[in-house]
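Novice: Just to be clear, the model below is a prediction. Sequence and coordinates:
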Amino acid sequence: MIKSVFAAAAALSMSAGAAFAGPYVNVEANAGWTGSEYGGTNTDLHVGYEGDLGGSASYYVQGGATLLSPDGGETDTVPSGKAGAGVALTDGLGAYGEISFVGSGDADLDRGYGAKLGLKYSF
């Protein structure tokens, strides 16, 4: 059964200004392996909004559901989301950050959180 989910989250645009500001839909599949052992795939089904923070900075927030599909296990649907921002430091260098969460299919387990920081140089 698919759960009804409302979540806030964000993502990042590395351009000097957002080419498009407004709502969007994002579908992303992330598969994982340990050595040669396949662990499963998590598929995000998100609705989001992105915009310009003025000057060379931008932001995004997105949320919805993640389909947890472990190898050999039962698929579950849990709430998830991301939020992030980016800024152009120079014509070729940008900085970005993102925070995220994904719910657990087990009421006894904690929700998972993530953070990302980075630099991107284009030449």
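Specialist: Here it is on my side, so go on. Everything numeric here is computed off the predicted structure, so don't read it as measured data.

Novice: The residue most central in space within the chain: what secondary structure?
Specialist: Of all residues in the chain, the one closest to the mean position by C-alpha atoms, centre = their mean is K82, 4.3 Å from it. At K82, secondary structure determined by DSSP: H, G, I helix; E, B strand; the rest coil is strand.

Novice: Please shift the residue numbers so they start at 55 in all later answers.
Specialist: With 55 as the first residue, the last one maps to K136.

Novice: Quick check: bridge partners of it?
Specialist: Beta-bridge pairing of K136 under DSSP bridges involves S154.

Novice: Distance of it relative to A75?
Specialist: Shown here: K136 relative to A75, a distance of 17 Å by C-beta to C-beta, to the nearest Å. C-beta: built from backbone N, CA, C; applies to glycine.

Novice: biggest strand in this protein by residues?
Specialist: For the chain, the longest strand by residue count, based on DSSP state E, is strand 91-108.

Novice: Pull out the buried residues from that strand.
Specialist: By 16 or more other C-beta atoms under 10 Å, the buried positions in strand 91-108 come out as 96-100, 102-104, 106.

Novice: Could you give the separation of stretch 131-146 from the chain centroid?
Specialist: Here stretch 131-146 is found 8 Å from its chain centre; the criterion is C-alpha atoms, centre = their mean, to the nearest Å.

Novice: My error: substitute stretch 163-174 in the last question.
Specialist: Distance, stretch centre to chain centre, for stretch 163-174: 9 Å (C-alpha atoms, centre = their mean).

Novice: Name the surrounding residues that touch that stretch.
Specialist: 68, 138, 147-158 (C-beta atoms under 8 Å, 6 or more residues apart in numbering).

Novice: Cool, thanks, signing off.
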